[in-house]
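1. Let's see this in three dimensions:
(chains A and B)
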Amino acid sequence: GENVEQHPSTLSVQEGDSAVIKCTYSDSASNYFPWYKQELGKRPQLIIDIRSNVGEKKDQRIAVTLNKTAKHFSLHITETQPEDSAVYFCAASTPSGDYKLSFGAGTTVTVRA
Amino acid sequence: DTEVTQTPKHLVMGMTNKKSLKCEQHMGHRAMYWYKQKAKKPPELMFVYSYEKLSINESVPSRFSPECPNSSLLNLHLHALQPEDSALYLCASSLGQALNTEAFFGQGTRLTVV
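-> Numbering: from 1, shown residues only, chains lettered A, B, ... in the order given. This is a model prediction of the structure:
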């Protein structure tokens, strides 16, 4: 089945700086890559997603890049704010895996004021 | 309405109890999911229902029994649980299992087994 690895596990940044989280996946058939943000005690919420026919997608301060050849995708947050502090999960979905979402282990992001 | 609603929010149950978790969505989604999440870990898939039929069971112990009474409702029946089953149980829904679209999560039920 699909295996998604996520790095780093923790990330501390100064407010206003950028944060980058990287994920790799194992199944070349994976074609959908969402990123979820989970604040303490709350539900995971989709912040951005990308499909395999696109190399980059941006939504205000958040961007995701996908390199299908290398089988990795990254989340970029610019101009970080304290409210960006949360756990971020990357995921991959594979047709051959019944479209199950395989999650990375998560990155705890702390934005220092 | 883009909400997935779960009840109860918190549940404490003994190892001999029988209880049920409920999940509801009115977005017309045809795929519904149960996930289990331990602290500081990613959600772990338990069951998937597609068009009200069970399509994936991730080898979950039989003390967890899912039910999908209709396209808007998903239940998880619990019986003879163990303390290690204590976790956050998340329900989610999406437009369709094979459509690779956003999964909307409920707030979860925090379950404690004593």
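2. Could you pull up the residues touching the most centrally placed residue in chain B?
-> Among the residues of chain B, the one closest to the centroid is B:W34, at 2.9 Å (Cα atoms, centre = their mean). B:W34 sits next to B:C23, B:L45, B:M46, B:F47, B:F64, B:P66, B:L74, B:L76, B:Y89, B:L90, B:C91 when contact means Cβ atoms under 8 Å, 6 or more residues apart in numbering or on different chains. (Each C-beta comes from the backbone N, C-alpha and C, glycine too.)
3. Tell me the one of these nearest chain A?
-> Distances from chain A to these, taken as Cβ to the nearest Cβ, are shortest for B:L45 (5.8 Å).
4. before we move on, which element is that closest one in?
-> According to DSSP states H and E, B:L45 maps onto strand B:44-50.
5. is it true that B:A98 lies in a helix?
-> Yes - counting by DSSP: H, G, I helix; E, B strand; the rest coil, B:A98 is part of a helix.
6. So which residues of chain A form helices?
-> For chain A, helices defined by DSSP state H do not occur.
7. What separation is there between A:L40 and chain B?
-> Taking Cβ to the nearest Cβ, to the nearest Å as the measure, A:L40 and chain B are separated by 10 Å.
8. for that residue, what are its contacts?
-> When contacts are taken as Cβ under 8 Å, 6+ apart, A:L40 is in contact with A:A86.
9. got the residues of chain B near chain A?
-> Taking Cβ under 8 Å from any Cβ of the partner chain as the criterion, chain B approaches chain A at residues B:40-43, B:45, B:48, B:55-56, B:90, B:97-98, B:100, B:102-108.
10. And those, which of them are buried?
-> B:42-43, B:45, B:48, B:56, B:90, B:97, B:100, B:102-108 (16 or more other Cβ atoms under 10 Å in any protein chain shown).
11. ok, for B:V48, nearest residue in space, not its chain neighbours?
-> For B:V48, ignoring the flanking residues on the chain, the nearest one in space by Cβ to Cβ, 6 or more residues apart in numbering or on different chains is B:I56 at 3.8 Å.
12. re earlier: in strands, which of the contacts of B:W34 appear?
-> Judged by DSSP state E, the contacts of B:W34 include B:C23, B:L45, B:M46, B:F47, B:F64, B:P66, B:L74, B:L76, B:Y89, B:L90, B:C91 as members of strands.
13. In ChimeraX, select just the buried ones from the residues you listed.
-> A single ChimeraX command selects the buried members of those (16+ other Cβ under 10 Å):
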select /B:23,45,46,47,64,66,74,76,89,90,91
